[in-house]
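J.: A predicted structure for the sequence below; I have some questions about it.
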Amino acid sequence: MKIALIGNPNCGKTTLFNRLTGSTAHVGNWPGVTVEKREGVYKTKSRAAEKVEIVDLPGVYSLSPYTPEEVVSRNFMIDGQPDLIINIVDATNLERNLYLTTQVLEADVPVLVALNMTDVVERDGDVIDAGKLESELGVPVVPISALKGAGVDKMMERALSAPRERSGVTVLGKALSDKLDVALEFYKSEGVKSPLFHAVKLLENDETELARAGAKEVAQKIGAGEDTEAAVVDERYKYIVAKLAVARTRGKKEKFSRSDKIDRVLTHRIWALPIFAVILFAVFHVTFAEDFLYIGAWASLGGGLPAVSELGLNEGLQTFVGIFYDGAVFSPGVILFNMFDTLFSTIQDAIGGAIGAQWLSGLVADGVLGGLFAVLGFLPQILMLFMWFSVLEDTGYMARIAFVLDRIFRRFGLSGRSFMPMIMGFGCSVPAMINTRTLSDENERVATIRVIPFFSCGAKLPILTAIAGGISQYFGVGNAEFITYGMYLLGVCVAVVSVLLMRHTTMRGSIPPFIMELPAYRRPRFKSLMLHLWDKAKHFIKKAFTVIFVSTVVIWLLSHIDFAWQYLPDEKMNESILASIGKLVQPLFTPLGFGSQIGEYGWVFAVAALTGLIAKENVIATFGTLGACLIALGANVGGATGDMLLGDEEGITSAVAMITATGISAPALIAFIAFNMLTVPCFAACATAKAELKKGTFRMTLLFWIVTSYTVSAAVYTVGAWWWTLFIWLAAVAAAVTIITLFNKGKIKLPRRKVKNDGGETK
Ligand code: GDP
């Protein structure tokens, strides 16, 4: 005998499955999809004559074919020939869970409804009349508690003695019965299993049904479409409220839980988004702000506070105070950064001074430590940002935001579900890309994977912060924090525009309705938070001491050896192998401002961009390595004053050294950030994208990244350098939009490619 468990996510299916099957369970995948499949054998106390197999179907809210989970559950129920379906219903969420039940009942299979979580229902003082439900639904209804085990034996008794045959019934009323009858006739004449189930799905405008030969004509005849779909949904809920939900009597407990009350504020129609914006700003402010306690404008009104150097402290005390304050109190994130940075520079100086041989001290202090510390210095801020996101997720807030944003995302052709992977992209593209598996529309998934790298990941953060710091320190313009936010925003804007473009051209598709579990709010658990952070830190440190370590050594060696394998001192870096390679690719970047037009050390930017393809941390590590050498040159660096080279932060110092040595302009620097942020991501992310996408799609994705980054940073550079080019770019955008609009309206036609399909006919 084969029994399948079906139910909404979180209804307690796994708990029940484990209780029923114990150690016999094994886990695999459903063929062809990444959906988990659990199977086991029912262990009875009385030795039953028959072996009872239990299959745990994936958790679903409905049986539409929108997600792989839904397809798997639906196919198994209709064609997998189960002897019985146990539909587990979370009794604390009766209405929503019974929505699935009304669909399950339409199939021609025996069904038993298990009312789970009855312990919680009792605790809340509610009463559910299972007998009433049973007579209304016409199938056995058994109250259980999968967690405590209550009622489970009785449920299995009834399951094993239930009849093995049953015809489907529907809860749809008279309003739709004429249409339904026609559809039913069609499916009966087709001789399919569970004709009623299919007929109702046809009314629900179901893609899979419409794909069946002849079904489209039937659908047209009865006018099945979005209207009938809405009508079916409506009837189901009406039925549930009128006939089923009345089986429950509410206890005296208050009607709205604390979560409901919080939700009334946080998911408010109007206030939800402003609140989210404030929270996001707070997260970034606490992590990156150099003027934590007041904003710059206010300070300048009051004339500002004295810088650390103006306080008349002795050297040691000044360094110490400088960690926390310099004209403004730093945010916790910046304070942590400063602590690490002070520690690192002390170590670097001590080691550099202790080694006698010039080349060895260069390799160790500049090459390895310069590169490593430039990257590791950012670890505290990366971890802090990651921690805030974890907190927001653990409390249940992120799920709400996905729900709130769904309305807006729809306008861009995305569903609220794609919000999670995008936000995860701020941490790391790899898990974010894997997370897109929850998206059911394949084209939406491709579009989302493509823009995930635009959500600047933790490894790109050092590029942003160091160069932004360099710009504000060297040119004395702009607020570094402001530039950093701006670049994050640029990434998000490019993502939005790209998605819009893709969803209107190559990646069209429909967006399924958004149904998502909104978990109750809870306090994040300290332990799981720390485990998360430790995991992240481990990953980052491991990367620093493997990939980045090796890269810095290679970079340093290549920049101190010429083609005759001769060691070159710092001042001869321009003759090195690395310089030759850099100079070779340098012209490619001329339209972006960091190509041939910059001074004699200009090739370092080309090299940094290339090393970023291995790991994005390498961009700043390369700066650290080469910058340290440039700093060692001191006076030789064109026109640099001692002051400029004495930036107080490792990454920023090297950025300043690079700016000084090359004479690169501020717009070119911003274009450089934009390029690195938007271009082909690191190896790991590319490998993930490759695994998640079809071959041809992946190649197009690589091309998309290259073209987007190149175009956007060229725009950034030219507009920054010559403001009037803005009009040229705007005109180009307008032209592109017009062409796409005309094309979509059918006014422009491309010659069709001939496609051969399986039937051999040519379309
Ligand atoms: P699934 O997503 O349907 O597989 O649900 P799980 O089996 O993972 O259960 C979701 C949560 O509900 C878990 O925290 C379970 O411990 C809890 N749970 C499951 N059944 C019961 C029950 O009968 N009573 C109570 N109080 N909690 C339950």
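T.: Good, I have the coordinates. Numbers count the residues shown, from 1 in each chain.
J.: Could you pull up the residues touching residue 92?
T.: Applying Cβ atoms under 8 Å, 6 or more residues apart in numbering to residue 92 gives the contacts 117, 120-121, 124. (Glycine included, C-beta is placed from N, CA and C.)
J.: rerun that using 7 Å as the cut-off
T.: Residue 92 is in contact with 117, 120-121, counting by Cβ atoms under 7 Å, 6 or more residues apart in numbering.
J.: Among the residues you listed, which ones are in strands?
T.: Using DSSP state E, the subset of these located in strands is empty.
J.: Among those, name the buried ones.
T.: Taking 16 or more other Cβ atoms under 10 Å as the criterion, what is buried in those is 117, 121.
J.: Now tabulate the contacts of residue 92 in a markdown table and tack on pLDDT.
T.: Formatted as a markdown table, the contacts of residue 92 follow (pLDDT from 0 to 100):
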| residue | pLDDT |
| --- | --- |
| 117 | 93 |
| 120 | 88 |
| 121 | 89 |
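J.: near the ligand too, which of the contacts of residue 92?
T.: The subset of the contacts of residue 92 lying close to the ligand, counting by Cβ under 6 Å from any ligand atom, consists of 117, 120.
J.: Any idea which residue of the stretch 201-350 of the chain lies closest to the ligand?
T.: For the stretch 201-350 of the chain, the residue positioned closest to the ligand under Cβ to the nearest ligand atom is residue 257, at a distance of 15.0 Å.
J.: Quick check: phi and psi on the spatially closest residue to that residue that is not a sequence neighbour?
T.: Nearest non-adjacent residue to residue 257, counting by Cβ to Cβ, 6 or more residues apart in numbering: residue 520, 7.0 Å away. Main-chain dihedrals, residue 520, degrees, to the nearest 10: phi -60, psi 150.
J.: Over to the one 3 residues further on?
T.: In terms of degrees, to the nearest 10, the main-chain angles of residue 523 are phi -70, psi 130.
J.: tell me the contacts of the nearest residue to it once chain neighbours are set aside?
T.: Leaving aside its sequence neighbours, residue 523 sits nearest to residue 395 (Cβ to Cβ, 6+ apart; 7.3 Å). Residue 395 is in contact with 521-522, 524, counting by Cβ under 7 Å, 6+ apart.
J.: Name the member of those residues with the most neighbours.
T.: For those, counting by other Cβ atoms under 10 Å, the largest number of neighbours falls to residue 521: 19 neighbours.
J.: The protein against the ligand: which residues are in contact?
T.: Within reach of the ligand by Cβ under 6 Å from any ligand atom, the chain has these residues: 7, 9-15, 59, 116-117, 119-120, 145-147.
J.: Now restrict the residues you listed to buried residues only.
T.: Among the residues of the chain next to the ligand, those classed as buried by 16+ other Cβ under 10 Å are 7, 11-15, 59, 116-117, 119, 145-146.
J.: if we can go back for a sec, residues in contact with the residue nearest to residue 257?
T.: With contact set as Cβ under 7 Å, 6+ apart, residue 520 has these partners: 257, 259, 396.
J.: measure the last one to residue 245 for me?
T.: Taking Cβ to Cβ, to the nearest Å as the measure, residue 396 falls 25 Å from residue 245.
J.: try the first one
T.: Between residue 257 and residue 245 the computed distance is 18 Å (Cβ to Cβ).
J.: Over to residue 292?
T.: Distance, residue 292 to residue 245, by Cβ to Cβ: 51 Å.
J.: okay, now residue 125: neighbour count?
T.: For residue 125, the tally of surrounding residues (other Cβ under 10 Å) stands at 11.
J.: brain fart, residue 690
T.: Neighbour number of residue 690 under other Cβ under 10 Å is 16.
J.: Then residue 535?
T.: Per other Cβ under 10 Å, the neighbour tally for residue 535 reads 11.
J.: State the helix or strand in which it lies.
T.: Secondary structure from DSSP states H and E places residue 535 in helix 526-543.
J.: One more: residue 73?
T.: helix 68-79.
J.: same check, this time on residue 86
T.: Judged by DSSP H and E, residue 86 forms part of strand 84-90.
J.: re the thing from before, counting contacts, what elements does the helix holding residue 535 pack onto?
T.: Contact analysis of helix 526-543 by 3 or more Cβ pairs under 7 Å, 6 or more residues apart in numbering; DSSP states H and E lists helix 379-394 as its packing neighbours.
J.: Which pLDDT value belongs to the residue in the stretch 651-763 of the chain that the ligand sits nearest to?
T.: Taking Cβ to the nearest ligand atom, the ligand has its nearest neighbour within the stretch 651-763 of the chain at residue 692, 24.3 Å off. Turning to residue 692, the model gives it a pLDDT of 85.
J.: returning to what we had before: narrow the contacts of residue 520 to just the buried residues.
T.: 259, 396.
J.: Pipe the contacts of residue 520 into CSV and attach secondary structure and pLDDT per row.
T.: Shown next, in CSV, are the contacts of residue 520 (DSSP: H, G, I helix; E, B strand; the rest coil; pLDDT from 0 to 100):
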residue, secondary structure, pLDDT
257, coil, 71
259, helix, 77
396, coil, 83
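J.: Check the contacts of residue 520 against residue 718 and report the nearest one.
T.: Within those, the smallest distance to residue 718 is 45.3 Å, found for residue 396 (Cβ to Cβ).
J.: burial count for residue 68?
T.: 17.
J.: That one contacts residue 30, doesn't it?
T.: No: look at residue 68 against residue 30 with Cβ atoms under 7 Å: they stay out of range, at 8.0 Å.
J.: Enumerate the beta-bridge partners assigned to residue 128.
T.: residue 248 (DSSP bridges).
J.: mind listing what the nearest residue to residue 583 once chain neighbours are set aside touches?
T.: Distance criterion Cβ to Cβ, 6+ apart; nearest residue to residue 583, sequence neighbours excluded, is residue 603 at 4.9 Å. The contact partners of residue 603, by Cβ under 7 Å, 6+ apart, come to 579, 582-583, 586.
J.: Assign a three-state SS to residue 524, would you?
T.: Secondary structure state of residue 524, per DSSP: H, G, I helix; E, B strand; the rest coil, is coil.
J.: Would you check that it makes contact with residue 394?
T.: Yes: using Cβ under 7 Å, residue 524 makes contact with residue 394 at a distance of 3.6 Å.
J.: So what does the nearest residue to residue 572 once chain neighbours are set aside have for phi and psi?
T.: Leaving out its chain neighbours, the residue that sits closest to residue 572 by Cβ to Cβ, 6+ apart is residue 562, at 7.8 Å. Here is the backbone geometry of residue 562 (degrees, to the nearest 10): phi -100, psi -180.
J.: Same check on the one 3 residues further on?
T.: Main-chain torsions, residue 565, degrees, to the nearest 10: phi 60, psi 30.
J.: confidence score at it?
T.: pLDDT at residue 565 comes out at 85.
J.: just residue 732 next, same as before
T.: Looking at residue 732, its pLDDT is 93.
J.: nearest to residue 435, of the contacts of residue 520?
T.: When the contacts of residue 520 are compared for distance to residue 435 (Cβ to Cβ), residue 396 wins out at 17.3 Å.
J.: Pretty sure that closest one sits against residue 523.
T.: No: contact criterion Cβ under 7 Å: residue 396 and residue 523 do not qualify, at 10.2 Å.
J.: Distance of residue 368 relative to the ligand?
T.: 48 Å (Cβ to the nearest ligand atom, to the nearest Å).
J.: and that residue, what does it touch?
T.: Neighbouring residues of residue 368 by Cβ under 7 Å, 6+ apart: 549, 552-553.
J.: Redo those residues as a markdown table? Include secondary structure, neighbour count and pLDDT.
T.: As requested, those are exported to a markdown table (DSSP: H, G, I helix; E, B strand; the rest coil; neighbours: other Cβ atoms under 10 Å; pLDDT from 0 to 100):
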| residue | secondary structure | neighbour count | pLDDT |
| --- | --- | --- | --- |
| 549 | helix | 16 | 83 |
| 552 | helix | 28 | 82 |
| 553 | helix | 16 | 85 |
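J.: quick one, strands of this structure?
T.: Listed in chain order, the strands of the chain (DSSP E) span 2-7, 26-29, 36-41, 53-56, 84-90, 111-116, 127-128, 141-143, 248-249.
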